[in-house]
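> Make a model of this:
(4 chains)
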Number of protein chains: 4
Amino acid sequence: MSNSFGSVFRITTFGESHGVGIGVIIDGCPAGVALETTEIQQALDRRRPGQSDLTTPRKEADQVEVLSGLFGGFTTGTPIGLLIRNQDQASHDYSHIEHAYRPSHADYTYDQKYGRRDYRGGGRSSARETAARVAAGAVAAAFLRTVGISTLSYVSQVGAVAVPVGYEQLDLSLIDTNPVRCPHPETAERMAALIRQTRDRHDTVGGIVTGVALGVPAGLGEPVFDKLHAELGKAMLSINAVKGFEYGSGFAGTLLFGSEHNDAFYTDEAGTVRTRTNHSGGIQGGISNGQDIYFRVAFKPVATILQPQATINDQGEEITLAGKGRHDPCVLPRAVPIVDAMTSLVLADMVLRARANRA
Amino acid sequence: MSNSFGSVFRITTFGESHGVGIGVIIDGCPAGVALETTEIQQALDRRRPGQSDLTTPRKEADQVEVLSGLFGGFTTGTPIGLLIRNQDQASHDYSHIEHAYRPSHADYTYDQKYGRRDYRGGGRSSARETAARVAAGAVAAAFLRTVGISTLSYVSQVGAVAVPVGYEQLDLSLIDTNPVRCPHPETAERMAALIRQTRDRHDTVGGIVTGVALGVPAGLGEPVFDKLHAELGKAMLSINAVKGFEYGSGFAGTLLFGSEHNDAFYTDEAGTVRTRTNHSGGIQGGISNGQDIYFRVAFKPVATILQPQATINDQGEEITLAGKGRHDPCVLPRAVPIVDAMTSLVLADMVLRARANRA
Amino acid sequence: MSNSFGSVFRITTFGESHGVGIGVIIDGCPAGVALETTEIQQALDRRRPGQSDLTTPRKEADQVEVLSGLFGGFTTGTPIGLLIRNQDQASHDYSHIEHAYRPSHADYTYDQKYGRRDYRGGGRSSARETAARVAAGAVAAAFLRTVGISTLSYVSQVGAVAVPVGYEQLDLSLIDTNPVRCPHPETAERMAALIRQTRDRHDTVGGIVTGVALGVPAGLGEPVFDKLHAELGKAMLSINAVKGFEYGSGFAGTLLFGSEHNDAFYTDEAGTVRTRTNHSGGIQGGISNGQDIYFRVAFKPVATILQPQATINDQGEEITLAGKGRHDPCVLPRAVPIVDAMTSLVLADMVLRARANRA
Amino acid sequence: MSNSFGSVFRITTFGESHGVGIGVIIDGCPAGVALETTEIQQALDRRRPGQSDLTTPRKEADQVEVLSGLFGGFTTGTPIGLLIRNQDQASHDYSHIEHAYRPSHADYTYDQKYGRRDYRGGGRSSARETAARVAAGAVAAAFLRTVGISTLSYVSQVGAVAVPVGYEQLDLSLIDTNPVRCPHPETAERMAALIRQTRDRHDTVGGIVTGVALGVPAGLGEPVFDKLHAELGKAMLSINAVKGFEYGSGFAGTLLFGSEHNDAFYTDEAGTVRTRTNHSGGIQGGISNGQDIYFRVAFKPVATILQPQATINDQGEEITLAGKGRHDPCVLPRAVPIVDAMTSLVLADMVLRARANRA
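Alright, predicted model coming up:
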């Protein structure tokens, strides 16, 4: 009941970190969307481990196989099945965590919930599950392209190193020009340096991803409970390691007075309704207003650190656990395609849902 | 498709600000919960307008009528219908916004989405809808009481005036001892002063509500997409005027290294598993771990200000709109019971969903 | 989780037979549907008790109150709340069934399921719940009118008295010209006679309602699981006392060979695709094909008979229960508007769902 | 939005007849169910083509691969992914139906709905999709075994050849002792003869499957809309070629008077509540009452016949289509495991849903 996301454009993911593979079924993608497997593969390649020295050296080709739903280069309206087999799963030993509870991981809570767990590499709780989201997000993005919507995101902060300006002052075409995926080159270098220092100390560091959606028409988002930003928030908070979400003015907006915060409407020369400021983040009353949508997502530092830590085993006995395995010192660079995917999935769903709004 | 919340303990709200009334149907509340109408009424009384000089003078008795689902003082397992009739709806004139789009309100987006709207007092987009949530939340709280879970929240920041300590250092029994609903008396006074100054300037101010859930057993929350904090986040972001959500260490947690952020497990003298810190906010891998759950919710300043503002009408023509009506200079004090209600609704749903976890 | 029906055009009903009232929230009706309260009332008047000597003498005005969702004569896209207060609920004594289990009623199963029940008049299990469906169905029908779809149904069999011809050979404008709601006048008289004889023997009789949907365009119905006839079947089977559902050739179709059963396609003079026969009942592969949709619904005889019956009480002791109260000797005439309503609700949902089928 | 079934125990199927394969994701199966892949395979072997001379000679090994959700011989509570690759898909030519609409098939309606279709072997509309249901049903059956529920079904009618007695007078252990899957040996032989005659005439024949569920405790089924028999009915009607569903007394029950139809309660010697007759089919008010559940499902004759038929192409032109391919002259024998699977899926869902019924 919990591995599906979306209401009309709906995905269901499956798979464990070190099982047969990871996959997703997309149910509700409209027929007639032109889609090449290469698009899905390119999205996966952005999330794949081992891309640079800033990420985990785990080697996974993450080759996608399309199981169903495509015919002659187009979606057919039937469910699209995508499977990514695990390759590197057999080569490592996870017996040291079979009975141990890693701090700030999901080992303890899965055991409490289900009475058992696939402990290999975190099993279902591993961020490897997000590969399925990225694959599905590529399909959503292909659909959104047919209605002129695009999504992107970038690393805006690593530890205390932050991009000093807002998204609208950045050249977002630079996102993929460095391994950090930060479109502010000078900051990107400082972020990379911090990540390397942290890695060399066998530690991890968190940060913030800023997401943007462009070309979103007014009218998307379903009040009352499925407000556009509420769905975006849930989508982002469902990503591993996310601790917070804010859109538009966010937490900083609490420091403004109403007279400062309100976005005045005006009509531009082309006759388009706009707002002079965009503290609303493109969403008012839970519905898009045609302005840019932007938001920020907080990621905690990765829980797996290559240092000894005090913890307990499943008998409640205190033990010391030494970190093993290959892990990211900072998930932010690889989180960017995941945030993109979740944004696309939310918007694809909302585009389809909005079609039922008027008689 | 958008006025329901929850999966098993599921509510559907209806009603407009100045229509017949506001209400909710609760479907999925288990049979056998002892429930008095007075409990629901007390929750509504905390949200009711006109409680103090810090809130809107709009007068609404907010008397709840139970339409169904209770028999002999207990829930019966059938849908619980609750209706709160509007009283003060006829006495005011809203014709000035029939064709005008108030800045940072939902007038424009509703028109774009639906092609029409009930403009009286914001219609469905009014925060008056949250009365229905508060009523439903009281029912959820009654159910949660049967399993030992309680929820509470308080105002932790108004504008830049913030409580200087965390929830665990406060006496939370003080929440309702002042009209701000801040359990730190000294800060509460400064907050009240700021709200009054703001009101007198015909302006509005935002702030932050901190929410806490106590007594939550390990094992609640449904990975992958319906993580406990993802559902809490969606719930909070669906409340009018909310701009951000964070739990546990939240955005500040991005500044810590993994070695600082990880919560070490230990077993206490009673044999209970605990963590030495709680940056996780009581949730790991989307599942409760038995520690306190806590989170923060950012509210923007109310959009309605009693000052002239530049905007446009539904013909796209620029106009000046003078604020009218009776409005809160700060929603925070009245937001507290709404946050409580949404927390209870999420947890009640998760308690019931967890019953399907094991054979 | 069980009192809602529909996916996009979604209703949630509430209320008990002898509580405050019965009602429904319609969530997902598109904005811009012209709708008068009188339309809803007229539909309710067709289902109301006490219409003729063939039905229960229980007196219920069944006046509908619109709580929300309409403004200026049109739907607004927000939830439509409808409430029908019970009037006659206080005047009768149901203490004789507080602890008794009426044969073939839901008293025993509700107690087993929920551990308690509102026993007055059957509580939630009473067919009075269907008043809410009829009200909602009128709204669905108003929406369907905007796309040229209409639904109707009639009594085609009472006991062994059956209309001798198919729906396509009947003048369906005659349905409401007699109290049985059978458009074959001669058969209607025989049905009425059988119902009166049965009533006078303090017994009850069952029968069959035939439903028809006209003007349904090709393409409605969502394979694989939500096939149009599967949703119609569920809708009908959810009506009190229904024991069976068949569409098109139905059970009789099992006696034909494939060469007899197949519906040959052809193109008519106007260039429209048609089939020479319609054993498919207008649905192929779960999707409407543009031909008439027709189906049959079997209703058992009403379980309440005004005769002494052997049964048990809630202590398992054998008792004799004498029938009391005011009940229909045959539900078929009043079932017609309920079948109409459920058909409309299914089709309204499918019209909206189909909007997501193509990019 | 249409390829999922179930609310808590929820499956999503994917795949086309002649694509890569067919599969299913099971989300919501509780953790801790002992499950061997061989159980799933055995269920698939009952549905597999080519079992006897009564079925299609299409050769499919239907080997299942478990992609996720099992660990150490038990379910883990995470989604169970099952994949059955198509083997025989490449060897046949379907170009003759690329532009033709086969009578009483879904070719025309899929084209009308989606604007395109995978025409190879019927694509998604092929009954091959039911392999995924059978695989999932085996998992549901394994879960049901933990609570003492079992399901079975058999062929009770082929054409006009019917088993002369009810299920309770049959030795149901005989179901799999003949290729028809009819536990009445004499009738089974006559059925087999009819199927062979029909096949030799290049025609097809329909029939009826009777389903039974044993060991179902009182209390399953969710009123109002998700009545147990309504969900069973939807489940059965969603199977390819099904035209009707009835439970308990069904259509024949319309011929009885209430005094004949009512099931009198009594307490047996062991103190168990029973009914003297079971016209209710084990379900009252949509909730199981502890008696046997039984129902009947009508299957039309297979639409593909190896005879020339008049039809049209996708330009609306009249053509003659000669049947090709390998098809069943009668689907009934292979429908039995499908009916079993759908029954198990409905009951597994209802067992889990019922856990939320009481505080």
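> show me the biggest helix of chain A in terms of residues.
helix A:332-354 (DSSP state H).
> What's the end-to-end length of stretch A:85-102?
26 Å (CA to CA, to the nearest Å).
> Check the stretch 251-359 of chain A for the residue nearest chain D and tell me.
Proximity to chain D, evaluated over the stretch 251-359 of chain A using CB to the nearest CB, is greatest for A:Leu352 at 9.0 Å. Bear in mind the C-beta positions are built from the backbone N, C-alpha and C, glycine included.
> That residue and chain C: what is the separation?
Distance from A:Leu352 to chain C, counting by CB to the nearest CB, to the nearest Å: 4 Å.
> Also A:Ala34?
Distance from A:Ala34 to chain C, counting by CB to the nearest CB: 9 Å.
> I'd guessed that residue sits against A:Phe74; true?
Yes: between A:Ala34 and A:Phe74 there is a contact at 5.8 Å, judged by CB atoms under 8 Å.
> Tell me which of these two has more neighbours.
Applying other CB atoms under 10 Å in any protein chain shown to A:Ala34 and A:Phe74 shows that A:Phe74 carries more neighbours, namely 17 against 14.
> Now that one. Its backbone dihedrals?
When read as degrees, to the nearest 10, the backbone of A:Phe74 gives phi -130, psi 150.
> List the contacts of it.
Neighbour list for A:Phe74: A:Ala31, A:Gly32, A:Val33, A:Ala34, A:Leu35, D:Arg116 [criterion: CB atoms under 8 Å, 6 or more residues apart in numbering or on different chains].
> and the stretch 151-300 of chain A, which residues reach chain C?
By CB under 8 Å from any CB of the partner chain, the residues of the stretch 151-300 of chain A that approach chain C are A:Pro223.
> Show me where the stretch 151-300 of chain A has its helices.
Taking DSSP state H, counting those that start in this stretch as the criterion, the stretch 151-300 of chain A carries its helices at A:185-200, A:228-237, A:258-261.
> Show me what the second one is packed up against.
In terms of contacts (3 or more CB pairs under 8 Å, 6 or more residues apart in numbering or on different chains; DSSP states H and E), helix A:228-237 is packed against strand A:242-247, strand A:293-299, helix A:332-354, helix B:228-237.
> How about the closest residue to chain B within the stretch 201-350 of chain A: what's its closest non-neighbour residue?
With CB to the nearest CB as the measure, A:Gly285 is the residue of the stretch 201-350 of chain A nearest to chain B, at 2.4 Å. Of all residues not flanking A:Gly285 in the chain, B:Ala106 sits nearest, at 2.4 Å (CB to CB, 6 or more residues apart in numbering or on different chains).
> my guess is the one you found meets A:Ser288, correct?
No: B:Ala106 lies out of contact with A:Ser288 (CB under 8 Å); the separation is 11.3 Å.
> give me the low-pLDDT residue ranges for the stretch 1-150 of chain A?
A:1, A:89-92 (pLDDT under 70).
> so where do the helices sit in it?
Using DSSP H, counting those that start in this stretch, helices in the stretch 1-150 of chain A cover A:37-47, A:107-114, A:130-145.
> Run through the residues that contact the residue of the stretch 201-350 of chain A closest to chain B.
A:Gly285 makes contacts with A:Pro223, A:Lys227, B:His105, B:Ala106, B:Thr109, B:Tyr110, B:Ser125, as judged by CB under 8 Å, 6+ apart.
> what's near enough to touch the nearest residue to A:Ile40 once chain neighbours are set aside?
Nearest non-adjacent residue to A:Ile40, counting by CB to CB, 6+ apart: A:Ala138, 4.4 Å away. By CB under 8 Å, 6+ apart, the contact set of A:Ala138 is A:Glu39, A:Ile40, A:Gln42, A:Ala43, A:Leu44, A:Ala341, A:Ser344.
> one more time with 7 Å
Applying CB atoms under 7 Å, 6 or more residues apart in numbering or on different chains, we find A:Ala138 in contact with A:Glu39, A:Ile40, A:Ala43.
> ok, the residues you listed vs chain B, which is closest?
Closest to chain B, out of all of the contacts of A:Ala138 and judged by CB to the nearest CB, is A:Ala43, at 18.5 Å.
> dump the residue contacts of the closest one.
A:Ala43 touches A:Val134, A:Ala135, A:Gly137, A:Ala138, A:Pro337, A:Ala341, counting by CB under 7 Å, 6+ apart.
> residues in contact with the closest residue in space to the last one that isn't next to it in sequence?
Spelled out, that is A:Ala341. Distance criterion CB to CB, 6+ apart; nearest residue to A:Ala341, sequence neighbours excluded, is A:Gly137 at 2.4 Å. Residues in contact with A:Gly137 (CB under 7 Å, 6+ apart) are A:Ala43, A:Asp340, A:Ala341, A:Met342, A:Ser344, A:Leu345.
> cool, A:Ile149 as well?
A:Ile149 neighbours (CB under 7 Å, 6+ apart): A:Ala213, A:Gly215, A:Val216, A:Leu347.
> Around chain B, pick out the residues from the stretch 251-359 of chain A.
By CB under 7 Å from any CB of the partner chain, the part of the stretch 251-359 of chain A that sits against chain B consists of A:251, A:253-259, A:261-267, A:271, A:273, A:280, A:284-285, A:287, A:289, A:298-303, A:305, A:307, A:309-312, A:316, A:318, A:353-354, A:357-358.
> If any of these are buried, give me the ChimeraX selection for them.
Buried subset of those, written as a ChimeraX selection, criterion 16 or more other CB atoms under 10 Å in any protein chain shown:
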select /A:251,253,254,255,256,257,258,259,261,262,263,264,265,273,280,284,285,287,289,298,299,300,301,302,303,305,309,311,312,353,354,357,358
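> Might you enumerate the residues of the stretch 1-150 of chain A proximal to chain C?
A:Val8, A:Gly28, A:Pro30, A:Ala31, A:Gly32, A:Val33, A:Gly77, A:Phe143, A:Thr146.
> Quick one: buried ones out of those?
For the residues of the stretch 1-150 of chain A next to chain C, buried by 16+ other CB under 10 Å: A:Val8, A:Gly28, A:Pro30, A:Ala31, A:Gly32, A:Val33, A:Gly77, A:Phe143.
> Turn those into a markdown table, including distance to D:Pro185.
Listed next are these as a markdown table, based on distance: CB to CB, whole Å:
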| residue | distance to D:Pro185 |
| --- | --- |
| A:Val8 | 50 |
| A:Gly28 | 47 |
| A:Pro30 | 51 |
| A:Ala31 | 48 |
| A:Gly32 | 53 |
| A:Val33 | 54 |
| A:Gly77 | 46 |
| A:Phe143 | 56 |
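> out of those, which one sits closest to chain B?
Nearest to chain B out of these is A:Val8 (CB to the nearest CB; 8.6 Å).
> for that closest one, what are its contacts?
So A:Val8 contacts A:Gly28, A:Asp349, A:Leu352, A:Arg353, C:Ala356, D:Met1 (CB under 7 Å, 6+ apart).
> Tell me the spacing between the spatially closest residue to it that is not a sequence neighbour and C:Asn357.
With CB to CB, 6+ apart as the criterion, A:Val8 has its nearest non-adjacent residue at 4.1 Å, and that residue is A:Leu352. Separation of A:Leu352 from C:Asn357 (CB to CB, to the nearest Å): 10 Å.
> Next, count neighbours for the residue in the stretch 1-150 of chain A positioned nearest to chain B.
Closest approach of the stretch 1-150 of chain A to chain B (CB to the nearest CB) occurs at A:Ala106, with a separation of 2.4 Å. Around A:Ala106 there are 27 other residues, counting by other CB under 10 Å.
> is it true that it touches A:Arg124?
No: counting by CB atoms under 7 Å, A:Ala106 does not reach A:Arg124; the two are 8.6 Å apart.
> Between the two, which contacts overlap?
By CB under 7 Å, 6+ apart, no residue touches both A:Ala106 and A:Arg124.
> Output the residues of the stretch 1-150 of chain A next to chain C in a markdown table, with distance to D:Glu16 appended to each entry.
Listed next are the residues of the stretch 1-150 of chain A next to chain C as a markdown table, based on distance: CB to CB, whole Å:
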| residue | distance to D:Glu16 |
| --- | --- |
| A:Val8 | 21 |
| A:Gly28 | 17 |
| A:Pro30 | 17 |
| A:Ala31 | 13 |
| A:Gly32 | 17 |
| A:Val33 | 17 |
| A:Gly77 | 12 |
| A:Phe143 | 20 |
| A:Thr146 | 23 |
